[in-house]
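have a look at this prediction, sequence included:
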Amino acid sequence: MIKLISIFIFAASVQHAFAQDIPYYTKQTTIDSLKHQLQSTKNDTLQLVLVNELRYNYFFGMGNFDSALVYSKKVYAFAQQLGYKIDEAYALDLIGDILNFQHSEHTLETLFKGVQIAEDIQAEKKILPPKYLNMMTYWNPNFTSLLRKNGWSPHYFRLAILGSLYQDLGHAYGKVMPDQQKLLFYLSKAIKLYHSQKDTLGLLLAYNNIAEYFFSTNQFDSSLIYLQKGISLENIYSKQFKGYLKNLALLGTIHYKKGDHKQAYKILQQSIALGAKFQQLGNGLAFSTLSEYFWNTGAIDSSYVYATEAYRLAKSSNLPDDIQKTSAMLAKLYWRKNISDSALNYFEIALALNDSINNGNKKAVLQRQDFEQQKQQEALEQEKARSKFYTLIAGIAILLIIALFLIRNNYLRKRANAALQEKNIQIERTLNDLQATQKQLIQSEKMASLGELTAGIAHEIQNPLNFVNNFSEVNSELINELKEEAKLGNTSEVLTIADDVDDNLQKIIHHGKRADAIVKSMLQHSRKSSGQKEPTDINALVDEYLRLSYHGLRAKDKSFNAVLETHFDPSVSRIEVVGQDIGRVLLNLFNNAFYSVSEKKKSLNDSYQPEVQVTTEKHDGQIFIKVKDNGTGIPEKVQEKIYQPFFTTKPTGEGTGLGLSLSYDIVTKGHGGEMKVKTKEGEGAEFIITLPLQKSKEDTKQYEITGH
């Protein structure tokens, strides 16, 4: 994101005392005059200032990023030559910002280099003299005024540059190499620095970056939270801050994506009306969203008008992402209008930009840079750890020497012992609190799974109850017939009816026991596990929980249907397991499988048939339980995290993130087994549970679901 959306006034004037060394110029200074001054001066420091002003004019005044990049590199070269380390970091930030904007593979490398310089306190030793600093045009007036307010303090100056580098790194991890964890990590560091410096505009831009990333990944509720934080800060700048247009456009687009089209249309039109004042700068998203809105409503001409303006704004601002999206929209519109030449032209533009933006080689370089940076960070942490270790050893040695002098002091020894005892009590109390919290979290997960079972159990129990009711009604009618025949003295008919009544009673008893078994199963699931292993029919256990999970989802969504395939190996006999715990594992896997195919069904509709396949096998002294689906699969980048506590890929409010974590512990720690997953994003997943047939008591430690 460009640090500054509007162009601000360059330094007002230079004090008369410096007039002989520094020419006077104002915001009206043209690029030609700046180049002329650059050629006519031999003052290296002044040359640094002048190339910075050329960079600023090309970037913010003309949107010419190639030329801005050239002069940013010249700023860096002069800063290196003159030994101004903070200005080196500043120049690297300028370069990294432009490279990020251009989706360059050198973005991370450049920004990390700047961070390395700015994080070093030694960079504060030498900075530009104040008379030159006052001439420099930085990112925004708020930044410059804060620096001046602090007297161009080297420490404050360095932290200001470091905050901007962190922000651009976060932006890079959201744009050229999407990584939400690192985006939030670096932007959080930037926000912390901005808070310490009271840099309100920096905070605003950081919040906007986070909001834009969450929007780009369809996390609209999270995007709205950070967007509102940014908008709340804009009252300082009022609507004179042109970023307000972009925020209005983003706010309207979020409402559109969330289905509130009426509110979205109102906000987007407000953005466009206000945007006329600023030549619609930052307002391309509003036109693009309205074009999509009219396309979906069938108003093709209106869609074309807004798409054309969105494309013009993207071109004038030289925004590759926006040009690609709007050209794709125009290609679609021209095709709809049967203007094939124009459609082909815009399609080729979109395709070329898409290839450039998503270039695989660039991503490979970025990933390598990211990996190398991580290695450097790890090496730095190891060095810090070694330093701390040596410091600790030295400290211990000093403490031992001091202890020799204090050992005779009985009063101090008693006081130290009392403090140590109090600390132990606090540690024990903290440990107890943590254990209690752990038990509460696990019990909450168990009760959540019980809630999911309830719908399936209700569906299951209805069937035997219907049989009981129906046979009871039939018996009532038969008894009346029996009485009539008895009055007539038809003994043989009475006996026949009595036999029918007896048969019906047996069926009532049978189905009553079925209902009783289902209720007991539910009560057993809600009861705390004893951790005792008992011989259990694995095939029956798998079949029971498969039906309960399926009927539970059907009870919540009547339209859901899936093909269930079961392949139970008859040779899988009873094995010793904690049936209640393994049942929870199975329920979690079945629920995840049905959720996955249900989500895929919503996006593909009738072109897709949900399937869940369950298999049991026995070989090599082990029992295998396989749960396979053809759902959405698990993205490669999160596969290593799925067993971590509280990690979930489901939307907020639809998963605790404890299901797979507890299941993994039950299988591996509680039963000495294994739990693996085979998956491919978009094609489905297969979880494989392996349980040993026998395991000695010495090898298997009793394990309860509480984790103790």
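Perfect, I can see it now. Computed from a predicted structure; not experimentally measured.

and the helices in the stretch 101-250 of the chain?
107-118, 130-133, 141-149, 154-175, 180-197, 200-216, 220-233, 243-257 (DSSP state H, counting those that start in this stretch).

weakest of those in terms of mean pLDDT?
Mean pLDDT per stretch puts helix 141-149 lowest among the helices of the stretch 101-250 of the chain, at a mean of 69.

ok, residue 30 to residue 76 distance?
Separation of residue 30 from residue 76 (C-beta to C-beta, to the nearest Å) stands at 24 Å. Just so you know, the C-beta spots here come from the backbone N, C-alpha and C atoms, and that holds for glycine as well.

which one of the two is surrounded by more residues?
residue 76 (24 against 11; other C-beta atoms under 10 Å).

OK, contacts around the more buried one?
88, 91, 92, 95 (C-beta atoms under 8 Å, 6 or more residues apart in numbering).

again, but for residue 632
596, 599, 600, 681, 682, 684.

swap in residue 110?
92, 95, 96, 99.

phi first, then psi, for the third one.
Its backbone dihedrals place residue 96 at phi -60, psi -40, with angles given as degrees, to the nearest 10.

please name the nearest non-neighbouring residue to residue 315.
Distances taken as C-beta to C-beta, 6 or more residues apart in numbering place residue 323 nearest to residue 315, at 6.1 Å, with adjacent residues excluded.

make sure the one you found is indeed in a helix.
Yes - using DSSP: H, G, I helix; E, B strand; the rest coil, the assignment for residue 323 is a helix.

quick revisit: and the contacts of residue 76, which is closest to residue 54?
Nearest to residue 54 among the contacts of residue 76, counting by C-beta to C-beta, is residue 91 at 13.0 Å.

so which strand or helix has that closest one?
Using DSSP states H and E, residue 91 sits in helix 85-101.

rewinding a little: could you check how far the residue nearest to residue 315 is from residue 620?
59 Å.

next: residue 181.
From residue 181 to residue 620 the distance is 39 Å (C-beta to C-beta).

neighbours of the spatially closest residue to residue 289 that is not a sequence neighbour, how many?
Distance criterion C-beta to C-beta, 6+ apart; nearest residue to residue 289, sequence neighbours excluded, is residue 253 at 4.5 Å. Other residues near residue 253 come to 24 when the count uses other C-beta under 10 Å.

so residue 253 touches residue 291, yeah?
No - between residue 253 and residue 291 there is no contact under C-beta atoms under 8 Å: 11.5 Å.

quickly list the domain ranges of the protein.
If you go by automatic domain parsing, the domain ranges for the chain are 1-199, 370-443, 463-522, 534-692.

checking residue 499 next. Helix, strand or coil?
helix.

ok, now residue 628?
strand.

these two touch, right, it and residue 612?
Yes - with contacts counted by C-beta under 8 Å, residue 628 reaches residue 612, the gap being 7.3 Å.

between the two, point out the one with more neighbours.
Taking neighbours as other C-beta under 10 Å, residue 628 and residue 612 compare with residue 612 leading, 24 against 19.

that's a strand at the more buried one, yeah?
Yes - counting by three-state DSSP, residue 612 falls inside a strand.

so it is in contact with residue 562, correct?
Yes - using C-beta under 8 Å, residue 612 makes contact with residue 562 at a distance of 5.6 Å.

so what sits against both of the two?
550, 594, 597.

now the residues you listed in a markdown table, with secondary structure?
Shown next, in a markdown table, are the shared contacts of residue 612 and residue 562 (three-state DSSP):
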| residue | secondary structure |
| --- | --- |
| 550 | helix |
| 594 | helix |
| 597 | helix |
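
residue 329: which of those is nearest?
residue 597 (32.3 Å).

so that closest one sits against residue 613, correct?
No - applying C-beta under 8 Å, one finds residue 597 not in contact with residue 613, separated by 11.0 Å.

and for these two, which residues touch both?
residue 629.

who has more neighbours, these two?
Taking neighbours as other C-beta under 10 Å, residue 597 and residue 613 compare with residue 597 leading, 24 against 17.

how close does that one get to residue 624?
The value you get for residue 597 to residue 624, if C-beta to C-beta is used, is 22 Å.

residue 600 too?
Distance from residue 600 to residue 624, by C-beta to C-beta: 26 Å.

hey, what's in contact with both of residue 628 and residue 612?
residue 593.

returning to that earlier point: the residue nearest to residue 315: neighbour count?
Quick note: residue 323 (other C-beta under 10 Å) scores 22 neighbours.

just confirm it contacts residue 353, I think it does.
Yes - look at residue 323 against residue 353 with C-beta under 8 Å: they come within range, at 5.9 Å.

SS state for the spatially closest residue to residue 582 that is not a sequence neighbour?
The shortest distance from residue 582 to any non-neighbouring residue, by C-beta to C-beta, 6+ apart, is to residue 541 (6.5 Å). Of the three states, residue 541 takes helix according to three-state DSSP.
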